[in-house]
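>>> Quick check, what structure comes out for this input:
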Amino acid sequence: MKSKENLVFIGMMGSGKSSIGSMVSKKLNLNFFDIDQLIENDQKMKISKIFEIKGEAFFRDIEKKITLNILKNKRGVIALGGGAFITRAIKNEVIENHLSFWLNWNIDTLIPPTRGGRSEAPHPPRQRSNLCGGYRGHRRSLR
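Numbering: from 1, shown residues only. Prediction:
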């Protein structure tokens, strides 16, 4: 498959990119790549700590490097970080070469972080029946 190589989930933190992406990858028997998890593994610290200790500019540089590497060299389902699309190189790569799904939910649909859980971790929508309601699909106008 030459065009639209990966399925890429984008959306704000808490929109369910990781949860839905993981489910889709299992259903389609594809590899799943959670960019936030890959960044945490690479840096050996939580994303919130990276921001606190090294700053947003450092985080965005690492996010760009890891994301573009996965997008260009791996095949499967990818959950981007909540702010990844602000980086032009990531946005252009996704729009030009991959099939993207923007998970855009009403704020009331998002689940707040759970007690004792990862406060910066994305969470799935409250009800599976709402999954299609938040889908906006791939939009060329994001350029």
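
>>> so when I look at residue 9, I'm seeing a strand, right?
Yes - counting by DSSP: H, G, I helix; E, B strand; the rest coil, residue 9 is part of a strand.

>>> I figured it hits residue 103, correct?
Yes - using Cβ atoms under 8 Å, residue 9 is in contact with residue 103, at 6.2 Å. Bear in mind the C-beta positions are built from the backbone N, C-alpha and C, glycine included.

>>> buried residues in the helix or strand harbouring residue 55?
Using DSSP states H and E, the element containing residue 55 is helix 47-73. By neighbour count on 16 or more other Cβ atoms under 10 Å, the buried set for helix 47-73 is 47, 50, 59-60, 62-64, 66-67, 70-71.

>>> Check which element follows it along the chain.
Next along from helix 47-73, by DSSP H and E: strand 76-79.

>>> helices and strands around that next one, which ones?
Contacts defined by 3 or more Cβ pairs under 8 Å, 6 or more residues apart in numbering; DSSP states H and E place strand 76-79 against strand 7-11, helix 17-28, strand 31-34, helix 35-43.

>>> If we use 7 Å, what do you get?
Packing partners of strand 76-79 (3 or more Cβ pairs under 7 Å, 6 or more residues apart in numbering; DSSP states H and E): strand 7-11, helix 17-28, strand 31-34.

>>> Which one, of the ones you listed, ends up nearest to residue 96?
For residue 96, the closest of those is strand 7-11, at 11.6 Å, according to Cβ to Cβ.

>>> pLDDT score for residue 64?
Residue 64 carries a pLDDT value of 98.

>>> my bad, residue 5
Reported pLDDT for residue 5: 86.

>>> number of nearby residues for it?
Using other Cβ atoms under 10 Å, residue 5 has 16 neighbouring residues.

>>> shaky segments in the protein?
Low-confidence segments of the chain, defined by pLDDT under 70: 1-4, 109-143.

>>> try 90
1-5, 12-15, 104-143 (pLDDT under 90).

>>> Can you give me the buried ones in stretch 15-30?
In stretch 15-30, counting by 16+ other Cβ under 10 Å, buried: 15-25, 30.
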